[in-house]
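J.: no letters, just coordinates:
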């Protein structure tokens, strides 16, 4: 948590208070009893602790693991009464779980396609875009097979792994390859982006198409080869707020704040 | 051309160390109480137990020493145990042919051998196709014997072959076994605890106890002159260790005196007499018997017309009396009686 | 599951371009796995049942490990052993040019890894239940150890061997973690039915249910067939 700076902590504290102002929407959350009304801009002295309480259940795309975990830590430090639990997984799987009735307050998806699988009432909930992501080719360190771009992936001596067609990084990769008119030498379609990258870090595959953020998150274990903007595609990260509790709103606001974006940018996401 | 073996086998604290010799066409019976080491001896001969000392030599070929061990399948042995141990998934005929087939005999020859062996043991063709579970105990045991002999073994090992049979089938199988052994030219070693098996099937007896041979020899000699309490029990004799004789009178370890008509020259002797030679009475006898002892009835058992009475007293003994005598004497456990034995019935021989 | 099935479109789902290759691959690889179990596992189980001592306890422990190992860990272990830079994989690649990952061979290897222990333990138990005296008698009749195994032990334990094979087959058919980790997921090459179900569930739950239904029917049919013949 080295990246967690003092200003961020302050911001989180502010968020907590913002939540207080927002209550009174009929939520049964204990925060409704708070009477203090402040606006973030009006408050110049960050409160060291908030009176927010309850639990916030977040279902988030696997690619958000590092950034959301960091934001969860800082939020919980500033709001000791709130327990944030985040379950990371494939966006489609998580949307399925929500459709099956899994309890969730927030849903952060990679791409908007998985949103289609949400039940109708969830689709109607307020949605904001947290960040954007672009695709990138990942190779083992040193790029031993000299992958220079999408065209290299057609080489039969290069083993390419992609995400499964059914997950966002897979359909996006297919779209990018189609656009570039490249038939890649694909040996496997992995169930999610982490599994796809693992094939690169283990040295079993020579190239994978993943998100820029995944390449950044993997650090020195993989090397990225950029895909030119003309060939690339952008993936939006929408956040759906499924419930209206004060704690949920507070955490959603933190995710969408400048501090939240900073954390997302730190792991390779782009501003929305 | 014979089986000669000195078998030394160590089993934890238990040691077996016995010498055996069997001539071709002969049967050696090994008798002994449970735990005497009888089965260990058979396993050593079959190659199922390793020798720690001694050797096994068959027809001038060494089968085993502590250093060399011919595996069971390389030894020319046939083994028959108390349980028939037929292969349950094979028919009677396939069971018998298994041995010759395993030793590389062609299928048609092997089945010819199998049919012949089954016929020699009185098993008709109708039994050939039956599985072991479709045979009676006695039939299965005969099939097992046929299987053991189908490989023409030089050494036939019989491990309590009749002990698991019911009383009805036992005589039939014993007779079939006796007849078959009569024209078997190999060496047979029979382990049993049944004296009847030993006396009807064997040419030589060897008694073992605690892993050692206590007595061996032809049955007639052993029955006449037992040299071990267990042997005496099997032979059905009262046996006592005695010291030197003075004018025909010997003293037992208990201090009791016993008179014999046999000439005695040794300082250490065995004395024995048959239970049938004992006469019992309620009063001290005044007849010609030289040996009279007082005792108390410990037990009375009936077998047919004979009552076997066990006495404890100056001399512990068993007496066989007629049912008539028993009725006349009204003997019951705890009664005091007098036993007398004629000196001419008492045998004495060097210890 | 039956209630959730979309019966009207079942036919369409079953002829889905992903479903047929997945079922076919699953059938071929599981049959190959069971054949390998029988060929390798039976002699191994026999030796384990006949030998004692430290070395054989170690071998037994080693064979048993995959039972308690999460299949994904097994897949990682297989990658480390047979992967492109694996202990065995690298020399194999250098010597023959054969690379196991992302091939159907890897699927079979992963299935073998997880199902062999079940097979060996079941069959070893069957061998140990044999009356050892029957085996000694076979020896005294002149049968070599191989013949004792083939003509006495094996026929007598056939039901045990068959139920071991059924167990191994069921385990192989359901294998997911080691396969996806070691062999990858590519339709027609390494995507077995469970992998196809998992992937389909994310986009087309109805197809996933249809595929699951086929697997269920297949498992029940095979186990029912074996029960009638061997497992009663």
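T.: Nice, thanks for sending it over. Given the structure is predicted, the values throughout are model-derived calculations rather than measurements.

J.: what about residue C:17, neighbour count?
T.: 9 (other Cβ atoms under 10 Å in any protein chain shown). For glycine as for every other residue, the C-beta is placed from the backbone atoms N, C-alpha and C.

J.: and residue B:126, by the same measure?
T.: For residue B:126, using other Cβ under 10 Å, the count is 8.

J.: what kind of secondary structure is it in?
T.: Following DSSP: H, G, I helix; E, B strand; the rest coil, residue B:126 is assigned to helix.

J.: and it, what does it touch?
T.: Listed by Cβ atoms under 8 Å, 6 or more residues apart in numbering or on different chains, residue B:126 has no contact partners.

J.: in what helix or strand does residue B:116 lie?
T.: helix B:107-120 (DSSP states H and E).

J.: give me phi/psi at residue B:284?
T.: With angles defined as degrees, to the nearest 10, residue B:284 sits at phi -60, psi 120.

J.: pretty sure it sits against residue B:292.
T.: Yes - the pair residue B:284 / residue B:292 is scored as a contact, 6.6 Å apart, by Cβ atoms under 8 Å.

J.: neighbour count: these two, which is higher?
T.: residue B:292 (16 against 9).

J.: ok, now which ones touch residue 60?
T.: Going with chain A. So residue A:60 contacts A:68, A:86, A:87, A:88, A:94, A:106, A:107, A:108 (Cβ under 8 Å, 6+ apart).

J.: ah, I was thinking of chain C
T.: C:48, C:124.

J.: coming back round to it: so which of the contacts of residue A:60 sit within strands?
T.: Among the contacts of residue A:60, the members found in strands (DSSP state E) are A:86, A:87, A:88, A:106, A:107, A:108.

J.: number of residues surrounding the fifth one?
T.: Look at residue A:107: counted by other Cβ under 10 Å, it has 27 neighbours.

J.: likewise for the first one?
T.: When neighbours are defined as other Cβ under 10 Å, residue A:86 has 18 of them.

J.: look up which residues are beta-bridged to the nearest residue in space to it that is not next to it in sequence.
T.: Nearest non-adjacent residue to residue A:86, counting by Cβ to Cβ, 6 or more residues apart in numbering or on different chains: residue A:58, 4.3 Å away. Beta bridges link residue A:58 to residue A:86, residue A:106 when assigned by DSSP bridges.

J.: if we can go back for a sec, closest to residue A:133 out of the ones in strands among the contacts of residue A:60?
T.: Ranked by distance to residue A:133 (Cβ to Cβ), the ones in strands among the contacts of residue A:60 are led by residue A:108 at 12.2 Å.

J.: and the closest one, what does it touch?
T.: A:58, A:59, A:60, A:61, A:64, A:68, A:130, A:237, A:238, A:239, A:240, A:255 are the contacts of residue A:108 under Cβ under 8 Å, 6+ apart.

J.: now do 7 Å
T.: By Cβ atoms under 7 Å, 6 or more residues apart in numbering or on different chains, residue A:108 lies in contact with A:58, A:60, A:61, A:64, A:130, A:237, A:239.

J.: Provide the strand pairings for the helix or strand containing the last one, with the direction of each partner.
T.: I take that to be residue A:239. Counting by DSSP H and E, the element that carries residue A:239 is strand A:234-241. Sheet pairing of strand A:234-241 (DSSP bridges) gives strand A:106-108 (antiparallel), strand A:127-139 (antiparallel).

J.: distance check, residue B:222 against chain C.
T.: Noted for residue B:222: a distance of 29 Å to chain C, by Cβ to the nearest Cβ, to the nearest Å.

J.: again with residue A:241
T.: Distance from residue A:241 to chain C, by Cβ to the nearest Cβ: 23 Å.

J.: let me know the pLDDT of that residue.
T.: With respect to pLDDT, residue A:241 has a value of 95.

J.: in chain C, what residue comes closest to chain A?
T.: Closest residue of chain C to chain A, Cβ to the nearest Cβ: residue C:184 (2.8 Å).

J.: ok, longest strand in chain B?
T.: Every strand in chain B considered (DSSP E), the longest is strand B:291-303.

J.: partner strands of that one, with direction?
T.: Short version: by DSSP bridges, strand B:291-303 pairs with strand B:306-313 (antiparallel), strand B:336-341 (antiparallel).

J.: tell me the SS of residue C:16?
T.: Taking three-state DSSP, the label given to residue C:16 is coil.

J.: can you pull the contacts of it?
T.: By Cβ under 7 Å, 6+ apart, the neighbours of residue C:16 are residue C:207.

J.: from residue C:176, how far off is it?
T.: 19 Å (Cβ to Cβ, to the nearest Å).

J.: can you check residue B:316 too?
T.: Counting by Cβ to Cβ - residue B:316 and residue C:176 are separated by 79 Å.

J.: same deal with residue A:131?
T.: 32 Å.

J.: neighbour count winner among these two?
T.: Comparing residue A:131 with residue C:176 by other Cβ under 10 Å, the one with more neighbours is residue A:131, at 28 against 19.

J.: below-threshold pLDDT in the stretch 101-250 of chain B: ranges please.
T.: Judged against pLDDT under 70, the stretch 101-250 of chain B has no low-scoring part.

J.: hmm, residue B:240 is touching residue B:271, no?
T.: Yes - using Cβ atoms under 7 Å, residue B:240 is in contact with residue B:271, at 5.2 Å.

J.: if we can go back for a sec, tell me the most buried of the strands paired with strand A:234-241?
T.: strand A:106-108 (a mean of 25; mean count of other Cβ atoms under 10 Å in any protein chain shown).

J.: I figured residue B:50 hits residue B:69, correct?
T.: Yes - the criterion here is Cβ under 7 Å, and residue B:50 meets it with residue B:69 at 6.1 Å.

J.: of these two, who's got more company?
T.: residue B:69 (16 against 12).

J.: the lowest-mean-pLDDT helix or strand in chain C: which residues count as buried?
T.: Here the helix or strand of chain C ranked lowest by mean pLDDT, DSSP states H and E is helix C:10-14, holding a mean of 71. Buried positions in helix C:10-14, judged by neighbour count with 16 or more other Cβ atoms under 10 Å in any protein chain shown: C:10, C:13.

J.: quick one: name whatever helix or strand follows it.
T.: That would be, after helix C:10-14 and using DSSP H and E, helix C:19-36.

J.: so which bits of chain C are right by chain A?
T.: Residues of chain C lying close to chain A (Cβ under 7 Å from any Cβ of the partner chain) are C:79, C:83-85, C:101-102, C:180, C:184-186, C:190, C:198-199, C:201-203, C:205.

J.: so of the residues you listed, which ones are in helices?
T.: Judged by DSSP state H, these include C:79, C:180, C:198, C:199, C:201, C:202, C:203, C:205 as members of helices.
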